[in-house]
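K.L.:
turn this into a structure:
(one chain, ligands or ions: 1)
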Amino acid sequence: MADVLSLNHVAKHFENHQVLRDVTFAIPAGQIVGYIGQNGAGKSTTLKIILGLEEPSDGEITILGQSLHDQRDALMQRIGYVPENADIFEALTANEYLSFIGQLYGLTEADARYKGQQLLTILDNGDSFNKPISSFSKGMRQSVLIIASLLHNPDLLFWDEPLNGLDANTVLIIEEVLGKLRDQGKTIFYSSHILDVVQAVSDQILLLHDGQVAAHGTFADLSNSADTTLQQLFNDMTGFKEHGEKAQAFIDVLGVS
Ligand SMILES: Nc1ncnc2c1ncn2[C@@H]1O[C@H](COP(=O)(O)OP(=O)(O)OP(=O)(O)O)[C@@H](O)[C@H]1O
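P.N.:
Numbers count the residues shown, from 1 in each chain. Okay, the predicted model is just below:
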């Protein structure tokens, strides 16, 4: 199966701070890839580089068989993105925002409006369709971002902490939607700290540590026993074992006894 996404020796530094040293991986079509790593590991930076929102300091990115550098505009039509921190237009209603985004991706205004309203209604927020996003709860905003990333039927999705603030029922719906999209051959690159969900939905896990890919494979490949959880694997691979000591140190500094 052809790869839909490959990164070769991608590096990124911000002034003196080397965030990505050598990120290399390839992803075939029809996979949900869980992209995990500690805070500040460089997950969002990787996504921004893949999407052309940040320039890499070094390395090459190929998306859907094309060079990101040469074909960015055409490629973006086939990509959906949920950013971790969105500059969602506060003054717009969900209707206006989704119509606007849909049209940017080539839908007619009527089609974008129709799909947006239907999808928001399925997620039980249809009553808010004509209300300003500034009045939305965290979870409602996140639903709008997820819908915005999907309106144009993209082949490749990049979701950065997509489930932030969503209630447990909506998470279940979105998990199942992801599986159905994957079954249709879509590829979903999914970055999150909610490891039980990553474990449940991902066909492959990619762990970013020390600026490079520290592990890449199916969860079964990476775990050494049937009882291992992704959380345990994450702790082991990031060399983190002292959470009990750190919790106690935290309490000690607070002076709570
Ligand atoms: N525009 C920028 N200028 C300077 N430093 C930046 C910039 N963007 C990111 N960084 C730094 O790069 C590092 C990686 O940030 P990034 O947001 O990619 O991490 P992350 O793995 O997504 O973290 P988290 O899990 O906390 O969201 C951090 O140290 C961050 O401060």
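
K.L.:
give me the neighbour count for residue 69.
P.N.:
12 (other C-beta atoms under 10 Å). Where you see a C-beta, it was placed from the backbone N, CA and C, and this is true even at glycine.

K.L.:
who's the closest spatial neighbour of it, skipping the chain neighbours?
P.N.:
Of all residues not flanking residue 69 in the chain, residue 61 sits nearest, at 7.6 Å (C-beta to C-beta, 6 or more residues apart in numbering).

K.L.:
over to the one you found. Which of the three states is it?
P.N.:
When the structure is split into helix, strand and coil by DSSP: H, G, I helix; E, B strand; the rest coil, residue 61 lands in strand.

K.L.:
check contacts around residue 120.
P.N.:
Shown here is residue 120, whose contacts under the criterion C-beta atoms under 8 Å, 6 or more residues apart in numbering are 94, 98, 126, 128, 129, 143, 144, 147.

K.L.:
next, count neighbours for residue 43.
P.N.:
Counted with other C-beta under 10 Å, the neighbours of residue 43 add up to 22.

K.L.:
for it, which non-adjacent residue is spatially closest?
P.N.:
With C-beta to C-beta, 6+ apart as the criterion, residue 43 has its nearest non-adjacent residue at 4.5 Å, and that residue is residue 191.

K.L.:
how many other residues sit next to the one you found?
P.N.:
When counting by other C-beta under 10 Å, one arrives at 24 neighbours for residue 191.

K.L.:
again with the one 10 residues further on
P.N.:
Applying the criterion other C-beta under 10 Å, we find 19 residues in the vicinity of residue 201.

K.L.:
next one: the longest helix along the chain to chain centre, how far?
P.N.:
The helix of greatest length in the chain, counted in residues with DSSP state H as the criterion, is given as helix 168-183. How far helix 168-183 lies from its chain's middle: 14 Å, per C-alpha atoms, centre = their mean, to the nearest Å.

K.L.:
report the distance from whichever helix or strand comes after it to the chain centre.
P.N.:
Note on helix 168-183: by DSSP states H and E, the next helix or strand toward the C-terminus is strand 187-191. Mean C-alpha position of strand 187-191 versus that of the full chain (C-alpha atoms, centre = their mean) differs by 5 Å.

K.L.:
strand 187-191 vs helix 168-183, what angle?
P.N.:
Orientation of strand 187-191 against helix 168-183 (axes from the mean of the first three to the mean of the last three C-alpha atoms, to 10 degrees) gives an angle of 140 degrees.

K.L.:
take strand 187-191, keep the C-alpha atoms, and write them as PDB.
P.N.:
Presented in PDB, the C-alpha positions along strand 187-191 are these (Å, rounded to 0.1, in the frame of the first residue of the first chain):
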ATOM      1  CA  THR A 187      -6.000   8.300   7.200                       C
ATOM      2  CA  ILE A 188      -6.200  10.000  10.600                       C
ATOM      3  CA  PHE A 189      -3.200  11.400  12.300                       C
ATOM      4  CA  TYR A 190      -4.300  11.900  15.800                       C
ATOM      5  CA  SER A 191      -2.300  13.600  18.600                       C
END
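
K.L.:
now tell me what touches whatever helix or strand comes next after that strand from outside.
P.N.:
Using DSSP H and E, the helix or strand that directly follows strand 187-191 along the chain is helix 195-201. Taking contacts as C-beta under 8 Å, 6+ apart, the residues outside helix 195-201 that touch it are 32, 34, 36, 163, 171, 175, 178-179, 190, 192, 205, 219, 229-231, 234.
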